[in-house]
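**Q** quick check, what structure comes out for this input:
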Amino acid sequence: MGNSLLDLEESGVSYGLEGLKIMIYGGNTLGKTPQAMRFPKPLLLMGESGGSALKGYKKLIKSKKVFIDTVKELTDDKNLDSMKDKFNTIVIDTIEDIIELFEIAICKQYGVSDVGEIQQLEKGNPNGYSVYRKEFKQQINLLTGCGYTVVFIAHEECVQIPTGENDKDGNAITKDFIQPKGSRGDKSSSRFIRDICDFRFFVMSNGIDKETNKTIMSKAYCVQTDAFYAGSRFNVKPVINPFTAENIIEAIEEAQKSSAEEYDAELVVYSRNTDNYTKEDYLVDIKPYMKKLYSLYPQLVLDIIENQLGSDKKVSDATEDQLTELETIYNNLVDLATERGIYVDTEE
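**A** The predicted model follows:
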């Protein structure tokens with residue numbers, strides 16, 4: 001599948017909010033979600049009840065299925081233009097809550113209370129962490145690949161990291177370091193989110209005004225220090241003070257211009273990457289996996305197809321409007337083969 005590398009054209013530096021992935025993390029009551037909801041045409045996907053003090057479009061995500069159905073609705077090619085007319089920004093609050101829903105779902109599927117028990121439960125069972133992380137990553141990639149500005153809200157956590165020095169007994173000296181919650185492990189879903197984001201803002205309190213006894217608006221950092229994690233792919237200024245949506249947007253656009261100047265590149269508006277795959281392309285690539293896996297795991301294969309196309313549907317029943325569903329089926333079959341150590345000859 002795919003176009004020839006010879007057809008590629010040199011690209012410039014993206015300008016504007018469209019297609020950006022932004023992480024905003026920090027402690028409670030710092031204005032993370034209220035400011036994210038001041039981005040253009042926002043939709044708030046809430047991982048837990050709340051948001052009653054916020055004006056705007058909001059949807060409670062109560063389960064993995066609800067999240068997947070919501071992503072499907074937001075990314076369906078048939079409705080994408082209409083969706084993007086109504087929503088420019090998708091705010092996910094919090095990303096830890098959504099990750100937990102994927103963990104809960106796979107535990108229910110295998111009848112265990114902890115993801116780590118899945119592989120131990122029965123010989124041949126997959127690594128539970130690997131499975132739910134792949135499913136989560138797949139949904140996030142779908143959502144972030146359609147041109148929305150996706151803002152991930154996360155809490156902070158304080159971890160111990162080595163300073164590179166040892167004490168008099170030879171033990172490593174550590175220090176406090178603040179980072180997005182759950183992102184310490186290289187393979188964690190939270191780490192995946194922070195790594196794909198174009199801008200990663202750490203929000204910190206400015207304290208209380210001693211004269212008025214009112215909270216001073218927070219500030220946001222986008223350059224990492226010895227004390228906390230932050231960063232960007234662009235030449236962004238290190239501190240945005242006060243932390244407001246307007247100031248964040250201005251800083252992003254200035255950073256994009258600065259990066260374009262550094263690389264002597266043109267500023268270009270977002271353009272969705274469409275590889276022009278056809279239904280026939282997907283059917284050809286799916287066929288060898290179906291042939292190999294159905295004889296070994298018929299119910300798992302049927303579940304993969306049913307989850308995308310509905311009950312009693314065959315892959316060949318898919319329409320030209322269901323290319324996203326066919327891509328998901330293909331990816332899930334490849335994942336199944338990989339997890340079970342099954343070699344599939346795609347040249348047959």
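
**Q** right, and Lys214 touches Ile208 too?
**A** Yes. If you go by C-beta atoms under 8 Å, Lys214 and Ile208 touch, sitting 7.0 Å apart. Every C-beta, even on glycine, is put in place using the N, C-alpha and C of the backbone.

**Q** low pLDDT regions in this protein?
**A** Within the chain, the ranges that satisfy pLDDT under 70 run 1-3, 50, 271-276, 347-348.

**Q** the stretch 1-150 of the chain: strands as residue ranges?
**A** 13-14, 21-26, 42-46, 57-60, 89-93, 149-166 (DSSP state E, counting those that start in this stretch).

**Q** where's the spatially most central residue of the chain relative to Gln224, distance?
**A** Nearest residue to the geometric centre of the chain (C-alpha atoms, centre = their mean): Ile140, 3.9 Å. Relative to Gln224, Ile140 is positioned 23 Å away (C-beta to C-beta, to the nearest Å).

**Q** if we can go back for a sec, list the contacts for the residue nearest to the centre of the chain?
**A** Counting by C-beta atoms under 8 Å, 6 or more residues apart in numbering, Ile140 makes contact with 192-193, 196.

**Q** same thing with Phe87?
**A** 41-43, 57, 74, 148.

**Q** out of those, which is most surrounded?
**A** Counting neighbours by other C-beta atoms under 10 Å, the top entry in the contacts of Phe87 is Tyr148, with 25 neighbours.

**Q** list the buried residues in the helix or strand harbouring Asp285.
**A** Using DSSP states H and E, Asp285 falls within helix 279-294. Buried residues in helix 279-294, counted by 16 or more other C-beta atoms under 10 Å: 279, 281-282, 285-286, 288-290, 292-293.

**Q** got it, and stretch 223-236?
**A** For stretch 223-236, by 16+ other C-beta under 10 Å, it's 224, 228-234, 236.

**Q** including distance to Glu250, could those residues go into JSON lines?
**A** Formatted as JSON lines, those follow (distance: C-beta to C-beta, whole Å):
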{"residue": "Gln224", "distance to Glu250": "21"}
{"residue": "Phe228", "distance to Glu250": "22"}
{"residue": "Tyr229", "distance to Glu250": "23"}
{"residue": "Ala230", "distance to Glu250": "18"}
{"residue": "Gly231", "distance to Glu250": "19"}
{"residue": "Ser232", "distance to Glu250": "14"}
{"residue": "Arg233", "distance to Glu250": "18"}
{"residue": "Phe234", "distance to Glu250": "13"}
{"residue": "Val236", "distance to Glu250": "11"}
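
**Q** mind checking which of those residues land in strands?
**A** Residues from the buried residues of stretch 223-236 lying in strands, with DSSP state E as the criterion: 231-232.

**Q** now, which of the buried residues of stretch 223-236 sits nearest Gln179?
**A** Tyr229 (4.1 Å; C-beta to C-beta).
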